[in-house]
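Peer 1: quick one, what's the 3D model for this:
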Amino acid sequence: MRILTVIVAVLLSLFSTAVMSYISMAIPVGPWIAPTLALIAIVLFGIFCRARHNCSQQIALATIGGSVGGILATALGFYFTTLYFLDADLFNLWLENPKYFMFVISGISLTAGVFGIWVANIFEQKLIYKDKLSFPVAELVNKTIFAQKQARKSLELLFGFVSNTVFCFFRDGLGAYKSIIPTSITLVPKLQFFTFYIPAIRLDFWPMLWALGFVTGHLVAIPLAVGVISKIMLVRPIHDLAFKDVAWMEFMITFCSGMVLASAIFGLFKTPKALFQSIKNSFKKKKLSPAFQVDQDGQSNQPVQADQPKKSFFAKTNVIETIIMSALFFGFLTYFKFSFLSQLYIFLFSFICTYQISIIAGKIGLAPMGKFATFVMVPALFIFSLDYVQVVLIATFVGVCCGVVADILFGRKIAQLADISVSKVKFYQYLGVIVSSLFVGVVFLFLIKHFQLGSKQLFAIRAQNRWMLINTLKNATSFNYYVLILGVIFGFVLSKARVSPLLVLGGLFMPINITLGLVIGGIGALFVKNRERMYPFWSGVYAAGSIWMLIRAIF
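Peer 2: Numbering: from 1, shown residues only. As a prediction, the model looks like this:
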């Protein structure tokens, strides 16, 4: 049984790494892939496991091991690819040397991944057993795995997978087989009303986008819709009326750079306060909790472990793990010529940020990696003499370790709910980090060489956002200040309205047909009373679309 679990965990790790590598560079969101992996694991164990009713813990372990690769690849797609927009010549030079390119990506992945596990080991007792944070994604995955209707969920997943695979085949064709379904239809042709310019709006028949929009819901639909409407009703008219002497693309980059700068400033003011408060709360004494909890209906839940006695630092995390983590961390940064002082800075602030993001993930199920990557990167840009490679590596390291620590704690929470020993979970989580770190370089090399960064398929809007921020901070004098200030004001208004400026940027910058697909899925989710019931079907659609993309790229 353990051999089967390891094989499935490795397969899920490869799958999540490949899928999220593409997703993170194609669209501005990185949804948690663990619920989809749980459904796939249910199908696989249903086929190969004889004692099907006894496989739930094995399904959980395989899912926990496989999910790490997804968040790791997401952070790399968001931050590492920024280097291409900062220094395309250097990035392409690395691509021409595949071994070195894969070494850099695998090195930063393994270093940050091990750092994330090390931090999770330290805070696991406090966040899961003492503070009893819910970790919503863990609860969703646990419900999926231990649900009584596993067979029904499996069929819904398979139906979504098969139906989208058949649809993609007839839409795109393959080899000698020609497509018989159009890839898109034009809903609105190009229109011009006075100063309002409406570009041609096409609906792409891309079910994977609808699936992603459905899963992320209003979190994506509203900001992207705001971006598209703002481009038509606000940004383009401002350019045509007041800045005709500035080229449209230059105007857009400057305006959006102002939005990114506003978002960074807003985050830099809020983040220190949140970090200070979380550190302050960690020293507060808490009363012991009863061994059982009672829900809002007055019904007793399953037994919950009472607060654990305080342990020394080295009892929380193994000494050998600490030595390995330190060797990877200081060795990797020394190779890229970081000064010792800058290494200590990165270590300290990455540790603080991963703790804070663990609390956020435990409470609301989100991991806002970008905010903390910016918080560590921007001061380092001014304090130390850093080149573009070092700046990108700092953002990437913080992003990966913040994402990994959240995913690791999700896994530990699943283990608590499913009564699985921590030692078993740690084995599969280390396995997931190692497998995905070794594989992710191959995937990135293949995708970037085949599709090209900045193209419609790999627009990499998150990387472009960070490029704008770094470029603004380093070369502020080269911008049109009036346009930059307008972007800053718009970014602050969005932040105050609690609309993510970075997702609005997706609506401003991304091709409108891609944005429309995500918005359609998000709006569709608003009309469904119980979205969770539809997750198996849309997870199958999502998985099929991802695999089909890889098949087309290969053939």
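Peer 1: kindly provide the distance from Leu110 to Ile64.
Peer 2: In this view, Leu110 and Ile64 are 18 Å apart by CB to CB, to the nearest Å. For the C-beta atoms, the positions are set from N, CA and C on the backbone; glycine is no exception.
Peer 1: out of the two, which sits in the more crowded spot?
Peer 2: Ile64 (34 against 20; other CB atoms under 10 Å).
Peer 1: test my guess that the more buried one contacts Tyr430.
Peer 2: No - using CB atoms under 8 Å, Ile64 makes no contact with Tyr430, being 11.1 Å away.
Peer 1: downstream of the helix-or-strand element of the chain with minimal mean pLDDT, the next helix or strand is which one?
Peer 2: Lowest by mean pLDDT, DSSP states H and E among the helices and strands of the chain is helix 313-316, with a mean of 49. Using DSSP states H and E, the next helix or strand after helix 313-316 towards the C-terminus is helix 319-335.
Peer 1: in this protein, which spans are strands?
Peer 2: Using DSSP state E, the strands of the chain run over residues 184-188, 191-193, 196-198, 201-204.
Peer 1: which one of those is the most hemmed in?
Peer 2: Highest mean neighbour count among these (mean count of other CB atoms under 10 Å): strand 201-204, with a mean of 16.
Peer 1: who are the packing partners of that one?
Peer 2: Here strand 201-204 touches strand 184-188, helix 512-526, going by 3 or more CB pairs under 8 Å, 6 or more residues apart in numbering; DSSP states H and E.
Peer 1: which one of the strands of the chain lies closest to Cys168?
Peer 2: The closest of those to Cys168 is strand 201-204. By CB to CB, the value is 12.1 Å.
Peer 1: show the contacting residues for the spatially closest residue to Val119 that is not a sequence neighbour.
Peer 2: Closest residue in space to Val119, ignoring its immediate chain neighbours: Thr354 at 4.5 Å, by CB to CB, 6 or more residues apart in numbering. For Thr354, the contact set (CB atoms under 8 Å, 6 or more residues apart in numbering) comprises 115-116, 119, 401-402, 405.
Peer 1: for Ile470, see how far away the residue lying closest to Leu473 once chain neighbours are set aside is.
Peer 2: The shortest distance from Leu473 to any non-neighbouring residue, by CB to CB, 6+ apart, is to Leu381 (6.0 Å). Separation of Leu381 from Ile470 (CB to CB): 7 Å.
Peer 1: who has more neighbours out of the two?
Peer 2: More crowded of Leu381 and Ile470, by other CB under 10 Å: Ile470, with 22 against 18.
Peer 1: Ile420 versus that one, what's the distance?
Peer 2: Taking CB to CB, one finds Ile470 at 42 Å from Ile420.
Peer 1: how about Ala221?
Peer 2: 36 Å.
Peer 1: do Gln343 as well
Peer 2: According to CB to CB, Gln343 stands 36 Å off from Ile420.
Peer 1: and for Val215?
Peer 2: Using CB to CB, one gets 26 Å for the distance from Val215 to Ile420.
Peer 1: and those two? Which one has more around it.
Peer 2: Neighbours per residue, other CB under 10 Å: of Val215 and Ile420, the larger number sits with Val215, 24 against 20.
Peer 1: I figured that one hits Ile33, correct?
Peer 2: No - look at Val215 against Ile33 with CB under 8 Å: they stay out of range, at 9.9 Å.
Peer 1: what residues are shared contacts of those two?
Peer 2: By CB under 8 Å, 6+ apart, no residue touches both Val215 and Ile33.
Peer 1: shaky segments in this structure?
Peer 2: Within the chain, the ranges that satisfy pLDDT under 70 run 1, 50-54, 147-150, 175-176, 194-195, 218, 267-317, 476-478, 555.
Peer 1: buried residues in stretch 487-496?
Peer 2: Neighbour counts over stretch 487-496 (16 or more other CB atoms under 10 Å) mark 487-488, 490-492, 494-495 as buried.
Peer 1: report the distance from it to the chain centre.
Peer 2: Its chain's C-alpha centre and that of stretch 487-496 lie 24 Å apart, by CA atoms, centre = their mean, to the nearest Å.
Peer 1: then stretch 426-440?
Peer 2: Relative to its chain's centre, stretch 426-440 lies at 17 Å (CA atoms, centre = their mean).
Peer 1: got a list of contacts for that stretch?
Peer 2: So stretch 426-440 is contacted by 5-6, 9-10, 13-14, 16-18, 21, 61-62, 64-69, 72-73, 76, 105-106, 109-110, 113-114, 117, 121, 404, 408, 411 (CB under 8 Å, 6+ apart).
Peer 1: in helices only, show me these.
Peer 2: In this view, the contacts of stretch 426-440 that belong to helices under DSSP state H are 5-6, 9-10, 13-14, 16-18, 21, 61-62, 64-69, 72-73, 105-106, 109-110, 113-114, 117, 121, 404, 408, 411.
Peer 1: ok, the residue nearest to Leu473 - contacts?
Peer 2: By CB under 8 Å, 6+ apart, the residues touching Leu381 are 391, 470, 473-474.
Peer 1: distance to Val166 added to these, as a markdown table?
Peer 2: What follows is those, written out as a markdown table (distance: CB to CB, whole Å):
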| residue | distance to Val166 |
| --- | --- |
| Val391 | 46 |
| Ile470 | 44 |
| Leu473 | 49 |
| Lys474 | 50 |
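Peer 1: Val528 and Met534 touch, don't they?
Peer 2: Yes - counting by CB under 8 Å, Met534 is a contact partner of Val528 at 6.0 Å.
Peer 1: which one's more surrounded, those two?
Peer 2: Met534 (17 against 12).
Peer 1: distance check, that one against Gly540.
Peer 2: 11 Å.
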